[in-house]
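Asker: Fold the stuff below for me.
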Amino acid sequence: MAAEQEIKKLTDKLPLLKKEIGKVIVGQEETIENMLITFLAGGHALLEGVPGLAKTLLIKTISQAIDLKFNRIQFTPDLMPSDIVGTEILEEDHTTGNKFFKFNKGPIFANIILADEINRTPPKTQAALLEAMQEFEVTYSGKTYEMD
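Answerer: Below is the predicted model of the structure:
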């Protein structure tokens, strides 16, 4: 019964969400509907279109409307897996003087990612993205990091 109430509460808020998105994105109701269905299903979407159709703005607007962290990654031929996953940096504890490695999360650690032109990047970088998409985690230097 509680699950039914939560679903009802969610479906009651969808028109408000569409209205909020419609303040920025005009005239793409079917695309907005399909993106929200994909989002609610916990899936991924391939959004295709000619330049200037507000694809990036749509995804950014959805993330802002539901207060989620958004990142856009422009995939290029020289992009390395660590450029999207993150990397370790050497830091020093100023009180003890001890040095240690700290993992700095990359742009893949966001709730909503717009991955632009994935086909242009090397296979290893594509594999890092696919791991994050499928497993909701990334592996760096043998350690696994859970994603939000």
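Asker: After the longest helix anywhere in the chain, heading C-terminal, what element do we hit next?
Answerer: Taking DSSP state H as the criterion, the chain has its longest helix at helix 2-22. Where DSSP states H and E defines the elements, the next helix or strand beyond helix 2-22 is helix 29-40.
Asker: So F103 is in contact with Y140, correct?
Answerer: Yes: here F103 reaches Y140: they are 6.5 Å apart, a contact under Cβ atoms under 8 Å. Where you see a C-beta, it was placed from the backbone N, CA and C, and this is true even at glycine.
Asker: Which neighbours do the two have in common?
Answerer: 86-88 (Cβ atoms under 8 Å, 6 or more residues apart in numbering).
Asker: which one of those residues has the most neighbours?
Answerer: Using other Cβ atoms under 10 Å as the neighbour criterion, G86 leads those with 18 neighbours.
Asker: Does that one touch K102 like I think?
Answerer: No: shown here, G86 and K102 do not form a contact pair, counting by Cβ under 8 Å, at 10.3 Å.
Asker: Assign a three-state SS to the residue with the largest distance to the centre of the chain, would you?
Answerer: Most distant from the centre of the chain: T96, at 37.3 Å, with distances by Cα atoms, centre = their mean. What DSSP: H, G, I helix; E, B strand; the rest coil gives for T96 is coil.
Asker: Which pLDDT value goes with it?
Answerer: As predicted, T96 sits at a pLDDT of 90.
Asker: do the same with F39
Answerer: The predicted local confidence for F39 is 87.
Asker: ditto for Q28
Answerer: So, for Q28, pLDDT stands at 88.
Asker: one step back: let's have the shared contacts of F103 and Y140 in TSV, adding distance to E146, pLDDT and secondary structure.
Answerer: Shown next, in TSV, are the shared contacts of F103 and Y140 (distance: Cβ to Cβ, whole Å; pLDDT from 0 to 100; DSSP: H, G, I helix; E, B strand; the rest coil):
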residue	distance to E146	pLDDT	secondary structure
G86	13	94	strand
T87	17	93	strand
E88	17	92	strand
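Asker: so S82, which of the three states?
Answerer: helix.
Asker: how deep is it tucked in, by neighbour count?
Answerer: 16.
Asker: And it, what's its pLDDT?
Answerer: The model's pLDDT for S82 equals 93.
Asker: Domains in this protein, by residue range?
Answerer: Following automatic domain parsing, one finds the domains of the chain at 1-68, 77-148.
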